[in-house]
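Participant: for reference, the sequence and a predicted model appear below.
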Amino acid sequence: MPTPGPTPGPTPGRERDAVDDIVEQWGRERPDIDATAMALIGRFNRFHVFVEAALREYFAQHQLDFSEFDVLATLRRSGAPYELNARALLKSAMVTSGAITNRVDKLSAKGLVERRPCPDDRRAVLIRLTPDGKDLVDRIVAGHVQNEERLIAVLTPDEQRQLDALLNKLLVSRGDTSLGG
C-alpha cells in the first residue's frame, strides 16, 4: 500500500485539465491521501469517453456500433475462412455469451455474418463472415485506424510508443496476456 503523501499538482509548464481540479480538491480536503492513482485512472476514464464518442460517430456512418464492428473485425483478422466458434469470440470481446449472441443476431439480420454447424462438434456453432461482411470490414477498417490515429495525434511517435509500453505493462500485470487457448 503506497504511503500517503502530498497530492501532486500539475507538472509545471503543462496546461491544466479537469482532473487537476479534482486532485486539487482532494488534496485540500484529504491531504492524507495520495491521489496519484485517482488522477491517472480519472484521466483514463475521461479519455475513454472521448474515444467512445469518436468510435460511435464513425461506426454510425456505416450503420454499425463498435460492438458489431468488434465481431466483424475479430472474424476478419482470424484469417480465411473468417469464422470462429462463439467461445473464441467471447474470449476476444470479454463480454457475456448473451452479449455475443445478441451481436451475432444483429449482424446476421444485416447479412454480415452467418451461423453454421461445426463439423467437429454437433453442439457447437461457427460464426462466419459473409462476403458482404468481409467487404464492409475491409472498406471501413482503414478509416477506423485513421480515426484512432487522430485521437492520439497530439502525442509524438515516441510518446505513443511509451504509452503503449506502459499500458501493455498494466494489462500483462492483470493477466490479459493472450486471446489464444
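Facilitator: Everything's here; your move. Numbering: from 1, shown residues only.
Participant: just checking, next helix/strand downstream of the lowest-mean-pLDDT helix or strand in the chain?
Facilitator: Counting by mean pLDDT, DSSP states H and E, the weakest-scoring helix or strand in the chain turns out to be helix 86-93, with a mean of 82. Remark: after helix 86-93, the chain's next helix or strand is helix 97-109, criterion DSSP states H and E.
Participant: which neighbouring elements make contact with that next one?
Facilitator: Contacting helix 97-109 under the criterion 3 or more CB pairs under 8 Å, 6 or more residues apart in numbering; DSSP states H and E are the following elements: helix 66-77, helix 86-93, strand 113-118. In this view, the C-beta of every residue, glycine as well, is placed from N, C-alpha and C.
Participant: now these in a markdown table, with mean neighbour count?
Facilitator: As requested, the helices and strands packed on helix 97-109 are exported to a markdown table (neighbours: other CB atoms under 10 Å):
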| stretch | mean neighbour count |
| --- | --- |
| helix 66-77 | 20 |
| helix 86-93 | 16 |
| strand 113-118 | 15 |
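Participant: of all these, which one is nearest D158?
Facilitator: For the helices and strands packed on helix 97-109, the distance to D158 is smallest for helix 66-77, at 27.1 Å, taking CB to CB.
Participant: quick one: the closest one to helix 97-109, angle?
Facilitator: For the pair helix 66-77 and helix 97-109, the angle between their directions (axes from the mean of the first three to the mean of the last three CA atoms, to 10 degrees) equals 80 degrees.
Participant: who's in contact with helix 66-77?
Facilitator: Here helix 66-77 makes contact (CB atoms under 8 Å, 6 or more residues apart in numbering) with 52, 55-56, 59, 62, 64, 82-84, 88-89, 92-93, 95, 99-100, 103-104, 106-107, 112-113, 127-129, 133-134, 136-138, 140-141, 144.
Participant: drop anything exposed from those residues.
Facilitator: Using 16 or more other CB atoms under 10 Å as the burial test, those include 55, 59, 64, 82-84, 88-89, 92-93, 100, 103-104, 106-107, 112-113, 127-129, 133-134, 136-137, 140, 144 as buried.
Participant: can you list the domains in the chain?
Facilitator: Domain assignment for the chain, taken from automatic domain parsing, gives 16-61, 66-138.
Participant: is it correct that A99 is in contact with D105?
Facilitator: No: assessed by CB atoms under 8 Å, A99 is found out of contact with D105, at 10.6 Å.
Participant: mind listing what's buried along the top helix by length along the chain?
Facilitator: Secondary structure of the chain per DSSP state H: the longest helix is helix 36-60. Residues of helix 36-60 classed as buried: 39, 42, 55, 58-59 (neighbour count, 16+ other CB under 10 Å).
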